[in-house]
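Participant: Next come a sequence and a model predicted from it.
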2 protein chains.
Amino acid sequence: MRIVEKIRALQECADAERAAGGRIALVPTLGGLHAGHVSLIEEARRRADRVWVSIFLNPTQFDDPDDLERYPRSFEADLTTCRAAGVDLVFAPDADEVYRVDHETAVEVAELSRPLCGAARPGHFRAVCTVVAKLLLAAKPHVAVFGEKDFQQLAVIRRMVRDLNFDVEIVGVPTVREADGLALSSRNARLDPEARQQAAVLARALDAAEAAVAAGERDAARLVRLLEAEIGRAPRAEIDYAELRDPETLGAVPARLEGPVLAVLAVFMRPASGAGPGVRLLDNRVLRPPPDV
Amino acid sequence: MRIVEKIRALQECADAERAAGGRIALVPTLGGLHAGHVSLIEEARRRADRVWVSIFLNPTQFDDPDDLERYPRSFEADLTTCRAAGVDLVFAPDADEVYRVDHETAVEVAELSRPLCGAARPGHFRAVCTVVAKLLLAAKPHVAVFGEKDFQQLAVIRRMVRDLNFDVEIVGVPTVREADGLALSSRNARLDPEARQQAAVLARALDAAEAAVAAGERDAARLVRLLEAEIGRAPRAEIDYAELRDPETLGAVPARLEGPVLAVLAVFMRPASGAGPGVRLLDNRVLRPPPDV
């Protein structure tokens, strides 16, 4: 497995691979690799000849310095994970390589970046779009693979790629979960045992909403109240948002469901002490009403 | 000469050309081609196997609808110019192909876009960066060629390309001039005979500043007053800006010149009637103080 630290060297690898007719799949990550990332790598393997993983804890997309500070750093373990998963190349630049001191270019997707995590984390998606554009132009992949857990991020990246004419296929991969339903996330490592146990409430709330829709519920406001009530059962959970959104536009949904809607959750698991904002977890599910009989 | 209207078709041309080992140079234009564009095409020819010209009157970069309305449209003549200049491919998309109805992605270079034309034309460089990024991703050129007449545009594009890791060489080509020094521009066609005659004042002002620097002048404020005084000799000319700037950063220059500085001019040639803003012309020159003896 090759490890590349410089953008120019990566572009030369890409040119050589493409000249030889090889198809490249890129899996962009912040590091802290877990089984969710491995499922992205496996999907990448199915879609390309070469699987490249970028490991770059992008500082600009952390609106909260504390969150960046506490993000898991595990570079050697990440390399072991990549080797075991059959990754061909790891791109691991340092921050100075990615952002020159007079870096001043940004890429922004206006509307899709506005609600949900965009409202909660100002500038977050602007930073994500900018770094993903840079990674796509550095690695020149045919395919790039992202997790559906970060649903809004995936939607924003798809739109950026379409709007700017990136000739890259963007692939979303279903969320990998623990046995109790908790979506895998690097941030889960920061949960104390009690918060970890209660964190399964996100998936249970989505299960409940899904079951209600399957049973005929069409009222959007009642479904939101159901999500809120289910999350409310976990004393350590504090809702950042719990909403229904259009799966394509992330816009508002009609009061009565007419087709698939996205249920999206962002929940803080508060520290046991009650002090500080806790660990912010995301989850989502597309709810598909059965056809009216 | 091939004419391509669709982005996907252009990307396929680029892939085929690259697979065959061909080097592509792109000359992005708004149409209204003149001898200045031909010099860009000639430079492109020296640097690549294939010369591609895009002709797209990008509506989003016109802050003034009137200016867009009056911009010269000459598609058939432009094709004739391209054929005569040995262009291999013209990319001529319509606006619906370039901007889908829900297009919402923008690329922005923050600091370099702020002064000069960026201050005079809000949103202009954001629109230029976005469309140039799109053209580079559609045509996948090895080289892209721009005129130095639009000096700030060239600086902004260079920075965007560097910051986002575009693997494209950006080449600037010296301004082509009429016999009296007037820089070629599509907008010159809109000058009435008297305004056309007086428009040579921009180049004469730059000549005067250059001569003063060669003769030992180092005082930035006196050089600006000289530019203003020279332009003031033309009764129909109205200065939008006349400034000295750092050629790399476009930032302020020291009160006493220590090295090369960029003299930049934007001047309205007023209509004979006095009504309306007139035709806005640009010119610039790098002034290089001789070494102190």
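Facilitator: Yes, it's here.
Participant: so what's residue A:119 closest to, chain neighbours aside?
Facilitator: Spatial nearest neighbour of residue A:119, excluding adjacent residues (CB to CB, 6 or more residues apart in numbering or on different chains): residue A:241 at 8.0 Å. To be clear about C-beta, it is placed using only N, CA and C from the backbone, and glycine gets the same treatment.
Participant: Please work out the average pLDDT along the host helix or strand of that neighbour.
Facilitator: Counting by DSSP states H and E, the element that carries residue A:241 is strand A:237-245. Strand A:237-245 shows a mean pLDDT of 97 in the predicted model.
Participant: near chain B, which residues of chain A?
Facilitator: Taking CB under 8 Å from any CB of the partner chain as the criterion, chain A approaches chain B at residues A:7, A:11, A:18, A:100, A:102-112, A:129-130, A:133-134, A:137-138, A:140, A:159-160, A:162-167, A:249.
Participant: Name only those of the residues you listed that count as buried.
Facilitator: Buried residues within the residues of chain A next to chain B, counting neighbours by 16 or more other CB atoms under 10 Å in any protein chain shown: A:7, A:11, A:18, A:103-109, A:112, A:129-130, A:133-134, A:137-138, A:140, A:159-160, A:163-167.
Participant: Select from those residues every entry located in strands.
Facilitator: Those of these mapping onto strands are A:105, A:106, A:107, A:108, A:109, per DSSP state E.
Participant: Could you verify my assumption that residue A:41 touches residue A:87?
Facilitator: Yes - assessed by CB atoms under 8 Å, residue A:41 is found in contact with residue A:87 at 6.1 Å.
Participant: which neighbours do the two share?
Facilitator: The contact sets of residue A:41 and residue A:87 overlap at A:51, A:53 (CB atoms under 8 Å, 6 or more residues apart in numbering or on different chains).
Participant: Residue A:20: neighbour count?
Facilitator: 9 (other CB atoms under 10 Å in any protein chain shown).
Participant: which ones are touching it?
Facilitator: Residue A:20 neighbours (CB under 8 Å, 6+ apart): none.
Participant: for the residue nearest to residue A:119, what are its contacts?
Facilitator: Contacts of residue A:241 by CB under 8 Å, 6+ apart are A:116, A:119, A:120, A:264, A:265, A:266.
Participant: Now the two most distant members of the residues you listed.
Facilitator: Greatest spacing in these, by CB to CB: A:119 and A:265 (14.4 Å).
Participant: more crowded one of the two?
Facilitator: residue A:265 (27 against 12).
Participant: so which helix or strand takes in the more buried one?
Facilitator: Secondary structure from DSSP H and E places residue A:265 in strand A:261-269.
Participant: Could you list every helix and strand in contact with that strand?
Facilitator: helix A:151-164, helix A:201-214, helix A:220-232, strand A:237-245, strand A:279-287 (3 or more CB pairs under 8 Å, 6 or more residues apart in numbering or on different chains; DSSP states H and E).
Participant: wait, which of these is closest to residue B:205?
Facilitator: Closest approach to residue B:205 among the helices and strands packed on strand A:261-269 is made by helix A:151-164 (39.2 Å; CB to CB).
Participant: Kindly export that closest one (C-alpha atoms) in CSV.
Facilitator: Below are the C-alpha coordinates for helix A:151-164, written out as CSV (Å, rounded to 0.1, in the frame of the first residue of the first chain):
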residue,chain,number,x,y,z
PHE,A,151,-27.2,12.5,4.4
GLN,A,152,-27.0,16.3,4.0
GLN,A,153,-23.3,16.2,3.3
LEU,A,154,-23.9,13.6,0.6
ALA,A,155,-26.7,15.7,-1.0
VAL,A,156,-24.5,18.8,-0.9
ILE,A,157,-21.6,17.0,-2.5
ARG,A,158,-23.8,15.5,-5.2
ARG,A,159,-25.1,18.9,-6.1
MET,A,160,-21.6,20.5,-6.1
VAL,A,161,-20.4,17.7,-8.4
ARG,A,162,-23.3,18.1,-10.7
ASP,A,163,-23.2,21.9,-10.8
LEU,A,164,-19.5,22.2,-11.4
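Participant: relative to strand A:261-269, how tilted is the strand holding residue A:241?
Facilitator: Relative orientation of strand A:237-245 and strand A:261-269, computed by axes from the mean of the first three to the mean of the last three CA atoms, to 10 degrees: 170 degrees.
Participant: before we move on, the earlier item: adding pLDDT and distance to residue B:23, write the contacts of residue A:241 out as a markdown table.
Facilitator: Formatted as a markdown table, these follow (pLDDT from 0 to 100; distance: CB to CB, whole Å):
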| residue | pLDDT | distance to residue B:23 |
| --- | --- | --- |
| A:116 | 96 | 44 |
| A:119 | 95 | 46 |
| A:120 | 92 | 47 |
| A:264 | 98 | 47 |
| A:265 | 98 | 50 |
| A:266 | 98 | 48 |
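Participant: Output the residues you listed in JSON lines, with distance to residue A:230 appended to each entry.
Facilitator: Below are these laid out as JSON lines (distance: CB to CB, whole Å):
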{"residue": "A:116", "distance to residue A:230": "19"}
{"residue": "A:119", "distance to residue A:230": "23"}
{"residue": "A:120", "distance to residue A:230": "20"}
{"residue": "A:264", "distance to residue A:230": "14"}
{"residue": "A:265", "distance to residue A:230": "10"}
{"residue": "A:266", "distance to residue A:230": "15"}
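Participant: for chain A, what's the longest helix?
Facilitator: Across chain A, the longest stretch assigned as helix under DSSP state H is helix A:124-139.
Participant: And the average pLDDT for that one is what?
Facilitator: The pLDDT scores in helix A:124-139 average 98.
Participant: In space, what's closest to residue A:277 - neighbours in sequence excluded?
Facilitator: Nearest residue to residue A:277 in three dimensions, chain neighbours excluded: residue A:268, at 5.7 Å (CB to CB, 6+ apart).
Participant: Show me what the one you found bridges to in the sheet.
Facilitator: Bridge pairing for residue A:268 (DSSP bridges) gives the partners residue A:238, residue A:280.
Participant: right, and residue A:230 touches residue A:212 too?
Facilitator: No - Residue A:230 lies out of contact with residue A:212 (CB under 8 Å); the separation is 10.2 Å.
Participant: So those two - more neighbours on which side?
Facilitator: residue A:230 (21 against 17).
Participant: Low-confidence stretches in the stretch 51-200 of chain A?
Facilitator: Filtered on pLDDT under 70, the stretch 51-200 of chain A yields no residues whatsoever.
Participant: Apply 90 and report the result again.
Facilitator: Across the stretch 51-200 of chain A, residues meeting the criterion (pLDDT under 90) sit at A:63-67, A:70-73.
Participant: Quick one: residues contacting the residue nearest to residue A:228 when sequence neighbours are not counted.
Facilitator: Of all residues not flanking residue A:228 in the chain, residue A:242 sits nearest, at 5.4 Å (CB to CB, 6+ apart). Residues in contact with residue A:242 (CB under 8 Å, 6+ apart) are A:205, A:224, A:227, A:228, A:231, A:263, A:264, A:265, A:266, A:267.
Participant: I'd like the distance between the fifth one and residue A:104.
Facilitator: In other words, residue A:231. Here residue A:231 is placed at a distance of 41 Å from residue A:104 (CB to CB, to the nearest Å).
Participant: And for the first one?
Facilitator: Taken as CB to CB, the spacing of residue A:205 relative to residue A:104 amounts to 42 Å.
Participant: try the third one
Facilitator: Spatial separation of residue A:227 from residue A:104 under the definition CB to CB is 41 Å.
Participant: shouldn't residue A:220 be in contact with residue A:255?
Facilitator: Yes - here residue A:220 reaches residue A:255: they are 5.5 Å apart, a contact under CB under 8 Å.
Participant: related to what we said a few turns ago, hmm, the residue nearest to residue A:277 is touching residue A:279, no?
Facilitator: Yes - with contacts counted by CB under 8 Å, residue A:268 reaches residue A:279, the gap being 6.9 Å.
Participant: Show me which of the two is the more surrounded one.
Facilitator: residue A:279 (23 against 17).
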